[in-house]
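>>> Fold the stuff below for me.
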Amino acid sequence: MVNTAGGSNADDVCDAIYGVHDEGLNDSQFVTINAPTYGVNVLGTGGSGFHPGFDLEGLDMNAQGALYASSGDDAEDPLNNAGVLYKINTNTGAIDERLGQICFQVEETQICGTEISGISFRPSDGSLWAWSEECGLIEVNIDSVANSTLVLPNDDLRACLSKNTAIWRNYSSYIEDMTWDNTSEVIYYSLHGKVHSYRLDNGENRMVSQIGGNIETLEMFPENNELLIIIVDGSQHVRALNLSTGEVIFAEESVGDFNDIEAISACIPSPTIDEPQSSDSVQITLADDRGSTYEITLVSHDAATKRWTYHVQKLDAPEGQKDYKDMSHFSLGIGRSCGVDGSTGGSDFGKDGSSNNFWGIKWNVEGGTFSFTLDGDYEVGTIPVLAKSSTYYNTDEIKGPVCPGEAGGFPE
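Next up, the predicted model:
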């Protein structure tokens, strides 16, 4: 339940996840994400949570329930509005206070107005940390944001010290978001479709997981140091990464039109946020020179009509990388004993000689929504699914009809 008082109040019950969605280049819409389905809704009424031209990129909440957001360098009038820290009303999504541009000293030079792509409160002491795209890791003085501190410089400060806003706007470190873990020892951050960890005490930096796509959002689950909430740009599903097992869980509900969420913050005072329930979606990454990645989702299964519907899409590549290659086809491993009574999109049922004789229903498409009808309502289980581009293909498993006898997929 989102706070219901007239303003932000940490004493109110709060079990929502807040987010900021990017509409176009720099229009920002505050949203809430409801656990455990992880569907998305607009925050506020009458447009109170919509902020055209603000380019809000970072978002986090402190232990007292106060919500803060930071802006990027695509904000209107970036000289004055890039790298600004705002306090946000958790009931309406309105801006309660403009705290000013985050500034810091670099080699005796005052730097202001860089893109602040991620912010995160450190649980142990409540301090606010931020990532400046052009300069590096910042400890923010929340009482006087113009007197913040650069802690870890980025990229030899080449872009940072230029103090050229045109250079700043064209520069990117490709770090989209960051979050402290619950022990306050590790910062997790996203870079080129991968999740990395950084220990502040000894500088240990390592790659944790390769997710694929452009990871816009990372957030540590409250009171659970093994799960990260992750949102990939263009994906239809919020997901969770289990840091112990490496398993990625797709949330059940689609985000709908809100598929460019820049940052989120789980409401820290609440212990009731549930993990995502596993959805019917998988992500397949190819071993080509771009790591092309596609998402396949079971949209519906109608037992009465024996009809199955799936959605397929190419994800967006991380910023600065070449676009992923278009998919040439995808296939569902439907077994030979199932009778296919009809399908959409010009599919073929049988052996795919171009993909090591993978058996199933094949669609020669780049993406879209596709359905097929079987001759019976077969048991629901997991079946192989294949995505291919050029000479590269890869497989995973997805929920689907399990045919008796010889299974679909690759021959044994």
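>>> tell me the pLDDT at residue 65?
Looking at residue 65, its pLDDT stands at 88.
>>> Tell me the secondary structure at it.
For residue 65, the assignment made with DSSP: H, G, I helix; E, B strand; the rest coil gives coil.
>>> pLDDT of stretch 46-60, averaged?
For stretch 46-60, mean pLDDT rounds to 95.
>>> Pull out the buried positions in that stretch.
Buried residues in stretch 46-60, counted by 16 or more other CB atoms under 10 Å: 48, 49, 50, 51, 54, 55, 56, 57, 58, 59, 60. For glycine as for every other residue, the C-beta is placed from the backbone atoms N, C-alpha and C.
>>> How about residue 219, nearest residue that isn't a chain neighbour?
residue 229 (4.3 Å; CB to CB, 6 or more residues apart in numbering).
>>> Quick one: residues contacting that neighbour.
Contacts for residue 229 (CB atoms under 8 Å, 6 or more residues apart in numbering) come out as 17, 217, 218, 219, 220, 221, 238, 239, 240, 264, 266.
>>> Assumed the fourth one was part of a helix.
Put plainly, it is residue 219. No. Using three-state DSSP, the assignment for residue 219 is strand, not a helix.
>>> helices or strands up against the lowest-mean-pLDDT helix or strand in the chain?
The weakest-scoring helix or strand in the chain, judged by mean pLDDT, DSSP states H and E, is helix 165-170 (a mean of 72). For helix 165-170, the helices and strands in contact under the criterion 3 or more CB pairs under 8 Å, 6 or more residues apart in numbering; DSSP states H and E are helix 78-81.
>>> Now the element after the helix it packs on, going C-ward?
Toward the C-terminal end, the helix or strand that comes next after helix 78-81 (DSSP states H and E) is strand 84-88.
>>> So in that sheet, which strands flank that next one, and in what orientation?
Using DSSP bridges, the strands paired with strand 84-88 are strand 67-71 (antiparallel), strand 95-101 (antiparallel).
>>> element containing residue 190, please.
If you go by DSSP H and E, residue 190 is part of strand 186-191.
>>> quick one: strands adjacent to that strand?
Sheet partners by DSSP bridges: for strand 186-191, these are strand 175-180 (antiparallel), strand 194-199 (antiparallel).
>>> which one of those strands is the most hemmed in?
strand 175-180 (a mean of 24; mean count of other CB atoms under 10 Å).
>>> Residues in contact with that strand: which ones?
Counting by CB under 8 Å, 6+ apart, 58, 60, 117-123, 129, 131, 133, 186-191, 214-220, 228, 262-263, 318-319 sit against strand 175-180.
>>> Ok, stretch 142-161 next?
Stretch 142-161 has contacts (CB under 8 Å, 6+ apart) with 68, 85, 99-107, 109, 111-112, 114, 127-130, 132, 134-141, 167-168, 171, 173, 200.
>>> Okay, now the unreliable bits of the stretch 51-200 of the chain?
The model of the stretch 51-200 of the chain has pLDDT under 70 over residues 165.
>>> and residue 397, that one's in a strand?
Yes. Judged by three-state DSSP, residue 397 forms part of a strand.
>>> The residue lying closest to residue 154 once chain neighbours are set aside bridge partners, please.
Distances taken as CB to CB, 6+ apart place residue 136 nearest to residue 154, at 3.5 Å, with adjacent residues excluded. Assessed by DSSP bridges, residue 136 has beta-bridge partners residue 132, residue 153.
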